[in-house]
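Visitor: okay, structure incoming, though there's no sequence with it:
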């Protein structure tokens, strides 16, 4: 049975007039200041932008088939979207909310990530177990790298100059050197890896795995999993949809996890791995993004076609915004033209 608190929260927001509808606002509004979030609409074939925390809808733009992963340039000018059904990456001008180019990559591209310098875009091709490295400026191919079976999610470590990639088929985390583009290490995690967040040192990853309602703490230096976040045992799901999205605040003080079975956002102390509170969000939450000032988190909720904006200080959902059909991944960062 779906979490009743989440349903009450969304219904209350709906009747309070706090849910904006991206489907009725397709033209971009004036360039905002502050933070913006962009969400892939897996079932709608588009990407929608909103401002944070007020939830103003910037518009939606059609991309390729089944848009999934997403990355935002540091200056907020460009949004990069992987199209799982089209085998391509769309590049969006955030100021105009228009696609400016589309690049062919491998089969079933999943998550994408910009390198710390912002000069390259890494695209994980889940369907053919490769990584497409693109020049971020021209969105042109640089090199195709072999990866573990079914690469899924990627995180960058500026401190280590490395990309950490989950391999669903091998149950492993692979570390790639961003300078040489070579794989330098592999860590077996003894589970089906889902989403990861890497701490500022680049030494520890927090990883959600299928059928675990919580997360593993993984030593990337070779020791592997050494502890875990335990959130209790939710109702069993054949798909293994327990904890999924995970994110670490920029100051490293809060670890956030979302649980698809219970429709909850959980606050965790990353030092003790102990939960410290729960916020009900929408149905089937998928991904988490955090503003640069660590004041707000944005959570995509797939079954509600919306994104929930959460105040991390008060630990409350302050707004829910409609963002297209079956929203999946999202990225939060600077708005285009913001100073």
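Guide: Nice, thanks for sending it over. As the structure is a prediction and not an experimental result, all values here were calculated from the model.

Visitor: residue 333 pairs with what?
Guide: Beta-bridge pairing of residue 333 under DSSP bridges involves residue 36.

Visitor: just residue 165 next, same as before
Guide: Here residue 165, judged by DSSP bridges, has bridge partners residue 154, residue 174.

Visitor: since we're on it, how many residues are nearby?
Guide: The local packing of residue 165 (other Cβ atoms under 10 Å) involves 27 other residues. Any C-beta I mention is one placed from the backbone N, CA and C, and that applies to glycine too.

Visitor: ok, now which ones touch it?
Guide: For residue 165, the contacting residues are 124, 131, 147-148, 151, 153-154, 173-176, by Cβ atoms under 8 Å, 6 or more residues apart in numbering.

Visitor: what's the answer for residue 97, then?
Guide: If you count contacts by Cβ under 8 Å, 6+ apart, then residue 97 has 28, 49, 58-61 around it.

Visitor: list buried residues within the residues you listed.
Guide: 28, 49, 58-61 (16 or more other Cβ atoms under 10 Å).

Visitor: any idea which of these is least confident?
Guide: Within those, residue 28 has the lowest pLDDT, namely 44.

Visitor: the buried ones among the contacts of residue 97 in strands, which ones?
Guide: 49, 58-61 (DSSP state E).

Visitor: what stretches of the stretch 1-150 of the chain score poorly on pLDDT?
Guide: By pLDDT under 70, the low-scoring segments of the stretch 1-150 of the chain are 1-33.

Visitor: try it again at 80.
Guide: The stretch 1-150 of the chain contains residues with pLDDT under 80 at 1-33, 138-139.

Visitor: spit out the contact partners of residue 277.
Guide: 266-267, 315.

Visitor: pLDDT, distance to residue 86 and neighbour count added to the residues you listed, as CSV?
Guide: Output for these, formatted as CSV (pLDDT from 0 to 100; distance: Cβ to Cβ, whole Å; neighbours: other Cβ atoms under 10 Å):
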residue, pLDDT, distance to residue 86, neighbour count
266, 96, 35, 23
267, 98, 37, 19
315, 98, 39, 14
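
Visitor: which one of the residues you listed is nearest residue 284?
Guide: residue 266 (15.5 Å; Cβ to Cβ).

Visitor: could you find the closest non-adjacent residue to that closest one?
Guide: The shortest distance from residue 266 to any non-neighbouring residue, by Cβ to Cβ, 6 or more residues apart in numbering, is to residue 257 (4.8 Å).

Visitor: circling back: inside strands: which ones of the contacts of residue 277?
Guide: 266-267.

Visitor: check the gap between residue 37 and residue 93 for me.
Guide: 17 Å (Cβ to Cβ, to the nearest Å).

Visitor: just the contacts of residue 165 now: which is nearest residue 54?
Guide: residue 153 (29.4 Å).

Visitor: ok, which stretches of the stretch 1-150 of the chain are helices?
Guide: 4-15 (DSSP state H, counting those that start in this stretch).

Visitor: ok, back up a step: nearest to residue 243, of the contacts of residue 165?
Guide: Looking across the contacts of residue 165 and measuring by Cβ to Cβ, the closest to residue 243 is residue 153, at 13.5 Å.
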